[in-house]
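Trainee: Kindly generate the corresponding structure for this input.
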Amino acid sequence: MRDIRRKVRRAQTIVPFGVGGIIDLRGESFVAADIRSWAAKGERVESPRLAAKLGVEGFRSAPVIPSGKAAYATRIGPVYVRFPKWLFCPQCRDMQLWRPDREVRDKQPTCMRCAGKPQLAPMRFIQVCRAGHMADIDWRRWAHSRSESHAQRQCQVRRLRFVATPESSGLEALRVVCAVCRAGRNLAGISQKNILKQTGLRCTGSHPWHSEVDEADPCEETPQAVQRGASNVYFPIVHSAIDIPAPAGLSEEDELSQNVVNHFLWPDFISAGDSPIADSYKVVIASKCGVPVDFVESLGRRIAGDAGGPSAADDSDDDLSIAEWAAFSAPESVSGSKTFSVRRTSLGIDHEDPGSMQVLTTGISAVVVADRVREVRALEGFSRYEPSSGESEEDGGGRVVSVNTHARAQWLPAVETYGEGIFIAVDEERVSSWERIPSVREWTRRIERNLNASFKADRLRSKSGPELLPRFVMLHTLAHHFIRQLSYDSGYNAASLRERVYARSHAPDSHFPPQAGVFIYTAAGDAEGTLGGLVRQGQQPNLAETLIRLLESAQWCSQDPLCADSTGRSLANLNRAACHACTLLPETCCEIDNSLLDRTLLIGDDEIPGFFREVVRAAIEESAGAVDLP
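Mentor: Model prediction:
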């Protein structure tokens, strides 16, 4: 007998099949239920810095199912419910509204009317709204929405057929027909905006995993019909953090402060303020960390701003990149960790090397290879129909739906991956001087004007900062070309690599140092996690050659001159000289959805001096000199 057990890898329970995501398996369609359906056997994932930022107690990952124990998974793994519930038989074309009581373990739904019992197929279209709700389209009402006779308008029968007519093509050939009164309507125009509202259909205010006894949320949003596999059905909101250990050489008081801040109850203690429950949190934290209660209380006041000085946890609510930048900038301070093993190296360029490499080394201030890094990725929620741009609907975009749709989430689903990577920092003095060039500043301001007008502005600024700096666009473009070149040189699949861009200028009122660098690392949870290919490419002389090749390849694109001369590409014109042929990557690689990219700021053109323009010119001269002309 054919094994039809449905299996989902642990990493897929976050993206792309996390809470609210649709998964197709062997002709069946399911949606992941919220975390209330998770069993208590989920494995705990530790990431204090990320938990503090998101304001949750911690994280859990789906349990690993032992080999040969797939049947056991249904009792301890996340729950996936069948959706859409409207199915049709590919032979007789009868439609059936599937009920949960008809489910049989490890068996697909079949048509009992046809010989051979063919498997039922899910309907292609569903309805979603900007509030994040998703439901089946009321196909009975759709079929009767253009009824001509009184009998058809009064028909309440749910016997429907999904037929294909040979007289036409496309969606016009597909009709939903009532099997009793013969009323019907084709699917032409079903994707038009407000078509469901014109038909009299409203948002149900529910999610597919809600049972019939659940009270749906009142929803005034207009539902939109979309294909269930469309990209705008599900926009997951995922946060990630690299596990950074406490720096070595801290004073005893600093080490105790670090332990207290990293305790999983610390975010609850800070958020509790002066409420009575804060005393309980304070006592538990002090007991677990081996410090006096007064120590916890004074540390809380200092971080809240009563003492006014910086602390080890100043970045817990702001930018996770601050601690990561500090660890990569001083790899000697975090030695001895089992989850974060980094070491400093160099490009290995001397006076005998080509001129392009010598120019390159003046722009690179540090190179660090990470033999082992641990990343935690957590799913906070999702939106539908439009990506979320803020915390309220007034900001534009879709509303964020929490992974727990009935109460505030105390914990979030997460997954941890181990890998390796390469960190490159560019010279701060040179990049600051480059940013002060008027043409560079003006070019970046044009991109920022498009950013301000975009519905993704809030989400993108969480990565780029309150002001879009030329260094961010340049370094982000460098990271994309770095990944593309590494996929050729190291043997890794480009989709298994990820980027982290560090681009922060020095503000007069900030005690944090400026940042200018990129970290490229593996993010796959399978065998491609730690093969050693990136570490090898990050050592001399491989890294210098890789950087020269990526800068040379960035000079041209098969879409030039359209790509190079572009004044606005992609969604909301957030890219300039960047397209799928030269710069864009799989969505899993990029932090900000393939936005804010421009080859011009990387290599330059006739008007804009790119940061690495002199390297490219030197490489071109060397290539021309190596050709023997007659």
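
Trainee: all contacts plus neighbour counts: C-alpha atoms, from now on.
Mentor: Fine.

Trainee: List the buried residues in stretch 100-112.
Mentor: 108-111 (16 or more other Cα atoms under 10 Å).

Trainee: Give me the residue at the spatial middle of this protein.
Mentor: V238 (4.7 Å; Cα atoms, centre = their mean).

Trainee: and the strand or helix carrying it, what other elements does it pack with?
Mentor: Here V238 sits within strand 235-242, counting by DSSP states H and E. Helices and strands touching strand 235-242, by 3 or more Cα pairs under 8 Å, 6 or more residues apart in numbering; DSSP states H and E, are helix 48-54, strand 364-383.

Trainee: Check the buried residues of stretch 100-112 against I592 and report the nearest one.
Mentor: Q108 (38.6 Å; Cα to Cα).

Trainee: Enumerate every residue touching the closest residue to the residue nearest to the centre of the chain other than its chain neighbours.
Mentor: Using Cα to Cα, 6 or more residues apart in numbering and skipping the chain neighbours, the partner closest in space to V238 is L379 (4.6 Å). Contacts of L379 were listed using Cα atoms under 8 Å, 6 or more residues apart in numbering, and they are 14, 18, 236-239, 403, 412-414.

Trainee: Looking at the residues you listed, state which has the most neighbours.
Mentor: G18 (31 neighbours; other Cα atoms under 10 Å).

Trainee: Roughly how far does the closest residue to that residue other than its chain neighbours sit from P586?
Mentor: Excluding the flanking residues, the one nearest G18 by Cα to Cα, 6+ apart is A32, at 6.1 Å. According to Cα to Cα, to the nearest Å, A32 and P586 sit 23 Å apart.

Trainee: Give me the more crowded residue out of these two.
Mentor: A count of neighbours by other Cα under 10 Å puts A32 above the other of A32 and P586, at 22 against 14.

Trainee: P208 versus the more buried one, what's the distance?
Mentor: 9 Å.

Trainee: joint contacts of the two?
Mentor: What both A32 and P208 touch, as defined by Cα under 8 Å, 6+ apart, is the set V81.

Trainee: low-confidence ranges in the stretch 1-150 of the chain?
Mentor: Where the stretch 1-150 of the chain drops to pLDDT under 70, the residues are 1-5, 39-41, 65-76.

Trainee: Try it again at 50.
Mentor: Residue ranges of the stretch 1-150 of the chain with pLDDT under 50: 1-3.

Trainee: Next: the stretch 251-400 of the chain.
Mentor: In the stretch 251-400 of the chain, residues with pLDDT under 50: 305-318, 391-395.

Trainee: Out of the helices and strands packed on strand 235-242, which is closest to H476?
Mentor: Once these are compared by Cα to Cα, strand 364-383 is nearest, at 15.5 Å.

Trainee: what's the angle between the closest one and strand 235-242?
Mentor: 140 degrees (axes from the mean of the first three to the mean of the last three Cα atoms, to 10 degrees).

Trainee: The nearest residue to P245 once chain neighbours are set aside: neighbour count?
Mentor: Nearest non-adjacent residue to P245, counting by Cα to Cα, 6+ apart: V334, 6.4 Å away. Here the count is done by other Cα under 10 Å, and V334 has 20 residues near it.

Trainee: what does D565 give?
Mentor: Applying other Cα under 10 Å, I find that D565 has 12 neighbouring residues.

Trainee: give me phi/psi at F162?
Mentor: In terms of degrees, to the nearest 10, the main-chain angles of F162 are phi -110, psi 100.

Trainee: Please determine how far the residue nearest to R408 when sequence neighbours are not counted is located from D353.
Mentor: Among residues not flanking R408 along the chain, S402 sits closest, at 7.7 Å (Cα to Cα, 6+ apart). Computed as Cα to Cα, the S402 to D353 distance reads 55 Å.

Trainee: More neighbours: the two, which one.
Mentor: Taking neighbours as other Cα under 10 Å, S402 and D353 compare with S402 leading, 22 against 10.

Trainee: Enumerate every residue touching that one.
Mentor: So S402 contacts 380-382, 408-409 (Cα under 8 Å, 6+ apart).

Trainee: Only the buried members of those residues: can you turn that into a PyMOL selection?
Mentor: To isolate in PyMOL the members of the contacts of S402 that are buried, counting by 16+ other Cα under 10 Å, one can use:
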select buried, resi 380+381+382+409
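
Trainee: Need the max-distance pair from the contacts of S402.
Mentor: Within the contacts of S402, two members stand farthest from each other by Cα to Cα: F382 and R408, at 14.4 Å.

Trainee: show me the biggest helix of this structure in terms of residues.
Mentor: helix 470-489 (DSSP state H).

Trainee: so how far is it from its chain's centroid?
Mentor: Helix 470-489 has its C-alpha centroid displaced from the chain centroid by 18 Å (Cα atoms, centre = their mean, to the nearest Å).

Trainee: Would you mark the buried spots in that helix?
Mentor: Quick answer for helix 470-489 (16+ other Cα under 10 Å): 470-487, 489.

Trainee: Quick check: mean pLDDT of that helix?
Mentor: Average pLDDT, helix 470-489: 95.

Trainee: Cool, thanks, signing off.
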